[in-house]
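K.L.:
Okay, sequence plus prediction incoming.
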Amino acid sequence: MRLYSIHLPPAWIGDRAPVAIREGFCWPAFFFTFFWALAHRLWWAAIGIFAAAAILGAAGELAGLDPVSQAAVSLAFALGIGWEANDLRRRGLERAGFAPEGVVAAEDTEVAALRFLSRQAG
C-alpha cells in the first residue's frame, strides 16, 4: 500500500471529488518533466522546468561537456523533478483553494479518495 495526501476542493467549485496525490517519487514527471507539468496545469512550474532545462543544456554546451556528461546532468535534473513533482502538485492545489485534509493508505488514487470519503461519512 502507498500513502496519499487528500485535498478537498473549495466550496465554490461545487460537486468535485477530493484529489489524492501519492507520496514519493513520480515516474511520469521523471520521464515527461515539462509535459507532466502542463498536463497538471502547473503553468509556472512548466515554464520554470523548460527554462532550467534550456539553461542546463546551454551551459553544458558552453562548458564543452561531452555527451555522456550532458546526459548525466539531464538525468540528475529529471530525478530532481521526479522527487519534487508531487509536492509541486500539492502547492498548486493549495493555491487553487484546495484544503489538505489528511493522509490515507491505499492501493491507488481512486481507492484513497473513496477510503477518505467513507471515513468522513462514518
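P.N.:
Right, received. Where do you want to start?

K.L.:
most distant residue from the middle of the protein?
P.N.:
For the chain, the C-alpha farthest from the mean C-alpha position belongs to G64; by CA atoms, centre = their mean, that distance is 32.3 Å.

K.L.:
Show me the shaky parts of this structure.
P.N.:
Counting by pLDDT under 70, the ranges of the chain that qualify are 12-14, 122.

K.L.:
so what's the backbone phi/psi at A106?
P.N.:
phi -160, psi 170 (degrees, to the nearest 10).

K.L.:
Repeat that for I81.
P.N.:
The phi/psi pair for I81 (degrees, to the nearest 10) is phi -60, psi -40.

K.L.:
Give me the three-state assignment for the closest residue to W43 other than its chain neighbours.
P.N.:
Take W43 and drop its neighbours on the chain: the residue closest to it by CB to CB, 6 or more residues apart in numbering is A37, 7.9 Å away. From N, CA and C alone the C-beta is placed, and that goes for glycine too. Using DSSP: H, G, I helix; E, B strand; the rest coil as the criterion, the local structure at A37 reads helix.

K.L.:
Show me the strands in this structure, by range?
P.N.:
2-8, 19-22, 99-106 (DSSP state E).

K.L.:
quick revisit: quick check: the residue nearest to W43 vs F50, distance?
P.N.:
To F50, A37 is 9 Å away according to CB to CB, to the nearest Å.

K.L.:
more neighbours, those two?
P.N.:
Using other CB atoms under 10 Å, the more surrounded residue of A37 and F50 is A37, with 24 against 14.

K.L.:
Hmm, that one is touching A51, no?
P.N.:
No. At 11.8 Å, A37 and A51 do not qualify as touching, with contact defined as CB atoms under 8 Å.
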